[in-house]
Structures are given as structure tokens and as C-alpha cells.
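Engineer: show me the folded form of this:
(4 chains)
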There are 2 protein chains.
Amino acid sequence: MNNLNIYTKKLRESGLRPTRQRLKICEVLFSPEKTFHFTIKDLTKIIEQKLSEKISLATVYNTVHAFKKKGYLKEISINSDKSYFDTNVTEHHHFFDEDTNELIDCGKNEIDSVNIKQNITGKKIKSVEVLVKVATDNQNQN
Amino acid sequence: MNNLNIYTKKLRESGLRPTRQRLKICEVLFSPEKTFHFTIKDLTKIIEQKLSEKISLATVYNTVHAFKKKGYLKEISINSDKSYFDTNVTEHHHFFDEDTNELIDCGKNEIDSVNIKQNITGKKIKSVEVLVKVATDNQNQN
DNA sequence: ACTTATATTAAAATAATTCTAAACTGTTGA
DNA sequence: TCAACAGTTTAGAATTATTTTAATATAAGT
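Structural biologist: As a prediction, the model looks like this:
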């Protein structure tokens, strides 16, 4: 199966028609060998470089959210003014560098799996995320 | 030492003069026996009820951020459109109920302490936060 | 090709947060 | 005590991320 078919499949599975814009989004998100983190703005900029034309923010938002809902992207919880996404959807955690606002993957073996003994009545655990904030020594926390 | 003096001390230690508005903020934040979670809007509403007059959002933002910087408040990382704060500054973690957008403390003993083996060169760990997202069984993740 | 449902888009709307500049107040030192 | 100054409050404007809108364009099935 070639990439185009893979992208089309992912889009259809996410409830979206494959369009020129969405296929470009897929190409940026799913063709690199390495997973990566991005914000909507990052992604839009990269796509516009590849397309050599504008793409509407609304299209990027819609597509990213559909992929997230389907599980093809993960949203990372950072207290910040913007949302970060991750193309690595396997279970792993993150460092967040407060000096540079950069997200760094935490190797799977670098944090022992988190054991939660408490449970909330009637609720199911949807995700467990560990965020380790780091900064240079001389900086204030946050 | 009475409450007023405690509030004044906290404000001064945070680099702020004690003013009427800020003392009211302190009263809301630091007089309850139980710690609690809040958003800036929540806090503003409560203060206005106590003051029986308006308080500027800018004042609330400034004061909350100064307390956070000093360590008298914690900001909780949730991917959401708004910031959540916690008057409980001891080490603990959270559940986030995606159905109701509610934060729930995770008892200190309910999660084993997180052991991070990896370290980022030149950086120091500022905080480690575990966020457990929960929802009713029949809901999609996020 | 034709039709219809879905997409794309620019622009407007919304919402949280930050900034601004003018009016006000706490603090300090004479 | 009081003047002077530095810090504070405020309403409203500015900024930024995100969502909505409604008109135009495109994909897919017949």
C-alpha cells in the first residue's frame, strides 16, 4: 500500500474525505520516520511551505481534531496558551523545557509505569500523562 | 499572628504591597480549611461576592501569578482553554473529569512516586505532574 | 456530467490573557 | 503629619488561540 492510500485510509477512518489539503496534512504528519511535536501554527507553516499556497487554519484545526479523536494524534497537556500535539501515539511521557517552550519525549523506560490505586466511581481512566517541567538552575519555576 | 498579618506576609514575600483587593484575594485563597481548585474567573466571582464591588481582572491575574511564582499557588496542566490553579501546593496529582471539566485531587498515597531515570543536560526538574483523565465509559477520549 | 453532501476559506466571533495609560493609594522620610 | 514617589487599580484596548459562519468550491455516487 502506498502512502497515498495510507493517508486516504486514515482520513476515511477519521470520518473525513481525502482532499488535497488534508492529504498534505497527512504527508507532513505521517511520512517522517521520526515522530514529532507540533502546534497548529507550526503545522500550518510547514504545510504552506509544501503546498506553496495558503491553507485555512480552520481546515488544519478540523483535521487535527479528527485525527486526535480517532487516536492518530495525541494532545499533550501543558499549561500554556496553545495546544501541543504529538504524532507519537504510543504510551510515553514528556519533559517540557520552560526556557525554550520545547517538548521532549521521555523514553518509555525512563519512567516506571504509573500505578493508580484510587478510582473515581462510574468513571474510566482515559489517559495517564506525566509531565516533567525542567529549566536551567537559575530560573524560577515557571 | 492573625490572618491579616499572614496575608500581608505572603504578599510581601511575593513582592506585592498589601492592598484592600489583594487582602481579599488572600482571604478567599488562604482562609478555607480545605484546599481547592479554581480558575481566574471563579476566583474573581467569589471575590466580588465578598467585596460587594468589582475587582479588575488584571489585579486578579497579577496577584495569582505572583503567588504562583513564589510557590503559594500551583498551576495545573490541563489541556483546556483556561488555566486551573490549586491552593494545595504539596506534592500531589490530579484526576480530570472530562465529562464535567472538574479537577479532583489524587490522594498522596494513591499514586506511587514517579521515578524519572532520564535527565536533560543542564536542566533541573522543576515539577513532576501526573494527570489522569477520566470519563464515563461510553464517552470518546476527549 | 449531474446532484448532493461535504470541504475550504476569509472573515467574524469568542474567550482567555496581557497590556496600557490614567487615576489612585501605600509607604517613606522629612 | 504630610508631601512625594513608587507601586497599584482599573476600564478598556490589544493580543492570541480557537471556533464559527456563510459563501464558494470540490469529492463521490449515480
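Engineer: show me which residues of chain A sit near DNA strand C.
Structural biologist: Residues of chain A lying near DNA strand C by C-beta under 7 Å from any atom of the strand: A:15-17, A:19-22, A:53-59, A:62-63, A:81. For glycine as for every other residue, the C-beta is placed from the backbone atoms N, C-alpha and C.
Engineer: hmm, 6 Å instead?
Structural biologist: With C-beta under 6 Å from any atom of the strand as the criterion, chain A meets DNA strand C at residues A:16-17, A:19, A:21-22, A:54-56, A:58-59, A:62.
Engineer: list buried residues within those.
Structural biologist: Buried by 16 or more other C-beta atoms under 10 Å in any protein chain shown: A:16, A:21-22, A:55, A:59, out of the residues of chain A next to DNA strand C.
Engineer: helices of chain A, start to end?
Structural biologist: Secondary structure of chain A (DSSP state H): helices at A:3-13, A:20-30, A:40-51, A:57-70.
Engineer: relative to A:Arg20, how far out is the closest residue to A:Thr44 other than its chain neighbours?
Structural biologist: Nearest-residue entry for A:Thr44: A:Val60, 5.1 Å, with adjacent residues in sequence omitted and distances by C-beta to C-beta, 6 or more residues apart in numbering or on different chains. Between A:Val60 and A:Arg20 the computed distance is 13 Å (C-beta to C-beta, to the nearest Å).
Engineer: sorry, back to before: for the residues of chain A next to DNA strand C, which one is nearest chain B?
Structural biologist: Distance to chain B, by C-beta to the nearest C-beta, is smallest for A:Asn62 among those, at 14.8 Å.
Engineer: which residues sit against stretch A:19-38?
Structural biologist: A:3-4, A:6-8, A:10-11, A:16, A:43, A:46-47, A:50-51, A:55-56, A:59-60, A:63-64, A:67, A:72-73, A:76, A:84-88, A:103, A:105 (C-beta atoms under 8 Å, 6 or more residues apart in numbering or on different chains).
Engineer: if anything else comes up later, I'll come back, but that's it for now.
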